[in-house]
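Colleague: fold the following.
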Amino acid sequence: MVDSQANVDVYAPAFMALRERDWKALTELFDRGDSDEIEADINSNLLLMIPEPCWEDDPFDFLREYL
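Modeller: Presented below is the predicted three-dimensional model:
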């Protein structure tokens, strides 16, 4: 059995309180008026990256020689 608690400080970073500049950066990031447009832009670009299925190809064609 492996003792997972033995190396906690090696694998887990120390928890630190956020500094004032960190809070400011997070606030500016999430308090934008155009976040809906950014989300729509990201979604539309992600949809472009999904490959369309090739309906002519048989996904089980490789099994024909075994059947």
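
Colleague: tell me, how many residues neighbour Cys54?
Modeller: 8 (other C-beta atoms under 10 Å). C-beta coordinates here come from the backbone N, C-alpha and C atoms, glycine included.

Colleague: how about Ile42?
Modeller: 10.

Colleague: for the residue nearest the centre of the chain, give its distance to Ala40.
Modeller: Centroid-nearest residue in the chain: Leu46, 11.8 Å away (criterion: C-alpha atoms, centre = their mean). Remark: distance between Leu46 and Ala40 (C-beta to C-beta, to the nearest Å) = 11 Å.

Colleague: check the protein for its longest helix and report it.
Modeller: Identified as the longest helix of the chain according to DSSP state H is helix 35-49.

Colleague: quick check: mean pLDDT of that helix?
Modeller: Taken as a whole, helix 35-49 carries a mean pLDDT of 88.

Colleague: contact partners of it?
Modeller: Contact with helix 35-49 is made by Arg32, as judged by C-beta atoms under 8 Å, 6 or more residues apart in numbering.

Colleague: now find how far off-centre it is within its chain.
Modeller: 14 Å (C-alpha atoms, centre = their mean, to the nearest Å).

Colleague: where do the helices sit along this protein?
Modeller: Assigned by DSSP H, the chain shows helices spanning 8-11, 20-30, 35-49.

Colleague: indicate which one of the ones you listed is closest to Asp58.
Modeller: Smallest distance to Asp58 across the helices of the chain (C-beta to C-beta): 24.7 Å, for helix 35-49.
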